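Student: Got a sequence here, can you model it:
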Amino acid sequence: MPTAPMKSLHELGQELLTRAQEASSGRATATINAEHRSLKQLVLALRAGSALSEHENPGQATLQLLSGTAIVTTAETAWRGSAGDYLVIPDRKHDLRAVSDIVVILTFVKDPNRPEPPAATDPKE
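Tutor: Modelled structure (predicted):
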């Protein structure tokens with residue numbers, strides 16, 4: 001029976017945090033299921049004080065905080081989460097701010113009529 005490839009999210013998160021510390025943007029990302037056509041999963045690291053500025057929800061999306069403390073804000077409310085917390089991302093504009101160094105898993109089903117989230121690509125250093 002074939003086995004699925006295993007990935008250490010802890011090791012990947014630490015590697016991405018190191019890259020985020022060195023990046024002018026304060027962030028680094030890696031896709032963890034590139035072979036899937038519609039379901040996207042990204043591991044995103046943001047150094048403390050960094051943010052993904054306000055952007056549209058790319059479709060159905062969730063955020064799982066693996067380490068650190070973060071705030072997701074919409075025009076109506078703010079959610080503060082820490083390691084182990086899980087959030088269904090609101091279907092409206094929102095931002096993500098790192099209170100401390102964070103590593104998250106962003107999972108989304110891309111709506112073809114909406115833009116990619118800013119976390120889907122690493123910015124140029």
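Student: and V43, what pLDDT?
Tutor: Looking at V43, its pLDDT is 95.
Student: Distance of it relative to V88?
Tutor: Relative to V88, V43 is positioned 18 Å away (Cβ to Cβ, to the nearest Å). Every residue, glycine included, has its C-beta placed from N, CA and C.
Student: out of these two, which sits in the busier spot?
Tutor: V43 (22 against 9; other Cβ atoms under 10 Å).
Student: okay, now P58: neighbour count?
Tutor: Neighbour number of P58 under other Cβ under 10 Å is 20.
Student: hey, which helix or strand in the protein has the poorest pLDDT?
Tutor: When the helices and strands of the chain are scored by mean pLDDT, DSSP states H and E, strand 51-55 comes last with a mean of 88.
Student: Now that one: buried residues?
Tutor: By neighbour count on 16 or more other Cβ atoms under 10 Å, the buried set for strand 51-55 is A51, L52, H55.
Student: for the nearest residue to the second one once chain neighbours are set aside, what are its contacts?
Tutor: Beyond its immediate neighbours in the sequence, the residue positioned closest to L52 (Cβ to Cβ, 6 or more residues apart in numbering) is L96, lying 4.5 Å away. Neighbour list for L96: L46, A51, L52, L63, A70, I71, V72, V104, A119 [criterion: Cβ atoms under 8 Å, 6 or more residues apart in numbering].
Student: And the helices in this protein, which stretches?
Tutor: All helices of the chain, identified by DSSP state H, fall at 9-22.
Student: just for it, where's the confidence low?
Tutor: The model of the chain has pLDDT under 70 over residues 1-5, 111-112, 114-125.
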